[in-house]
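J.: Need coordinates for the below:
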Amino acid sequence: MAISTVCLRNWPNLDVVVTYALLQEILETPLYVTFGSRNLSLSDDEMADSIIARIYTIGVGKGYGYEDAQVNGRTFGSETSLFLHSHENLSDDSSLRELGVWMDRDVQDGRLTKKQPYSIGWIMHQAFRLGHNHTEVVNRAAHVVRVLIDSSRAKRDKRPDLGMHEAAKKCSAMALLSGGDYYGPFTVRRYIRDMYMLGYDEELMVGKAGWFVHVHNEAKRREAAAKKVAETAKFDSFLLSRCQEFGTWVEAEDPYLMSRLGQDRDMVVMRNPKGNIIIMSRKFDLSDVAVAFVEKEPNLWYFDSDRNILANGTESEPAEATALSRESLQICIATRVKRRRF
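T.: Numbering: from 1, shown residues only. Predicted coordinates for the structure are as follows:
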């Protein structure tokens, strides 16, 4: 059997993984997973050649994401919606159309990833932050998607006995979870229930669901530890001369600490042991700082204007460490930041 390759966007979100699972559905062949940048420059000919070579891309390459696509004037809210529209045999399946609706909403406001207990999307992101193998994370999450689809189709064909739902609540895998009785789509609790309804072996269910629970609990532990450090540790500060206020300088490599300090401090600059920098501010606009750094080191800096984060390489877009000294960095930041307008 021929093996195809799929290149997913670095640090894929839930939408990309759902699309990947749908690609598996139509190809019915093993897929070798690689990862690439959303910012790759790919021509139409290169994209066409990749399909001929059985190399598929999801969310990779400038101009090839759902944000850029239009079909007869129609735009799309997610990679999943675009993929379903492009494959009529999939879009005719009501169980799959629902995925497009869910992903459009999640991309828009994060309701599935950020607002559900034991969210698969949130746990995926934490697994990447914690250093888990990206291919393993993607394939585990894709299994959640396939179980959801299979369960939805089974319910459509034959409505399950209500007693099965009650029995699912008492299975050993459910005991891994704490609190609540919420079964929203793409949650661990829903995943367990769907596997139970499909007749999965309980030991297998514990293994598959347990991996997500372990990552969830470790991420919560790291968040709590970061909160304690942020509240008790002393960090260096430097004057933001243009605004007459202070920024916080941190020598560490801890995304959880960075996130926590970003909530509590007006500006945080974190440098990891390799010398890479990330700058976050809730109070000051970093756009002019970004322009200055990009001019100095064109391919080393990335600015996320929506989140107001400037990074010398990111978790999803790695780069060499900046050659700028701490003093040079602080002077440029101090003289170019400006207050944000909300």
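J.: Show me the shaky parts of the chain.
T.: Where the chain drops to pLDDT under 70, the residues are 1-3, 38-42, 61-64, 68, 157-163, 316, 341-342.
J.: Look through it and tell me its longest helix.
T.: Assignment by DSSP state H gives helix 202-232 as the longest helix of the chain.
J.: List the contacts of whichever helix or strand comes after that helix.
T.: Using DSSP states H and E, the helix or strand that follows helix 202-232 towards the C-terminus is strand 236-240. Contacts with strand 236-240, where a contact means Cβ atoms under 8 Å, 6 or more residues apart in numbering, come from 245-250, 267, 284, 330, 333-334, 337. C-betas here are computed from N, CA, C, even on glycine.
J.: just stretch 190-200 next, same as before
T.: Taking contacts as Cβ under 8 Å, 6+ apart, the residues outside stretch 190-200 that touch it are 120, 144, 147-148, 150-151, 154-155, 160, 164-165, 167-169, 171, 173-174, 177, 183-184, 204-205, 208-209, 212.
J.: same check, this time on stretch 313-329
T.: Contacts to stretch 313-329, defined as Cβ under 8 Å, 6+ apart, come from residues 9-11, 37, 39, 128-129, 249, 255, 269, 271, 274-278, 293, 296-297, 299-302, 311-312, 332.
J.: Mind giving me the ChimeraX command for buried ones among these?
T.: Selection of buried members from these for ChimeraX, criterion 16 or more other Cβ atoms under 10 Å:
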select :9,10,11,37,128,129,249,255,269,271,276,277,278,293,300,301,302,311,312,332
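J.: Next, give phi and psi for the residue nearest to Ser86 when sequence neighbours are not counted.
T.: Excluding the flanking residues, the one nearest Ser86 by Cβ to Cβ, 6 or more residues apart in numbering is Val71, at 7.9 Å. Main-chain torsions, Val71, degrees, to the nearest 10: phi -130, psi 110.
J.: now swap in Ile278 and tell me
T.: phi -140, psi 140.
J.: Please report the distance of it from Asp266.
T.: The gap separating Ile278 from Asp266 is 16 Å, by Cβ to Cβ, to the nearest Å.
J.: ok, now Ala48?
T.: Ala48 is 49 Å from Asp266, where distance means Cβ to Cβ.
J.: Compare these two (neighbour count), which wins?
T.: Legend: neighbour count by other Cβ atoms under 10 Å for Ala48 and Asp266, higher for Asp266 (16 against 10).
J.: ok, the more buried one touching Ile279?
T.: No. Using Cβ atoms under 8 Å, Asp266 makes no contact with Ile279, being 11.9 Å away.
J.: mind listing the helices for the stretch 151-300 of the chain?
T.: Here the stretch 151-300 of the chain has its helices, by DSSP state H, counting those that start in this stretch, at 162-169, 188-197, 202-232, 255-264, 287-296.
J.: Can you tell me what sits against the fourth one?
T.: What that stands for is helix 255-264. Taking Cβ under 8 Å, 6+ apart as the rule, helix 255-264 contacts 129, 219, 222-223, 225-227, 229-230, 235, 248, 250, 252, 268, 270, 278, 280-282, 315.
J.: how far does it sit from the chain's center?
T.: Computed by Cα atoms, centre = their mean, to the nearest Å, the separation of helix 255-264 from the middle of its chain amounts to 18 Å.
J.: The protein - how does it break down into domains?
T.: 1-108, 112-232, 234-339 (automatic domain parsing).
J.: Would you mind measuring from the nearest residue to Ser281 once chain neighbours are set aside to Lys228?
T.: Computed as Cβ to Cβ, 6+ apart, the closest residue to Ser281 that is not its neighbour in sequence is Met267, at 4.1 Å. Met267 is 21 Å from Lys228, where distance means Cβ to Cβ.
J.: Ok, Val268 next?
T.: For Val268, the distance to Lys228 (Cβ to Cβ) stands at 17 Å.
J.: Noted, bye for now.
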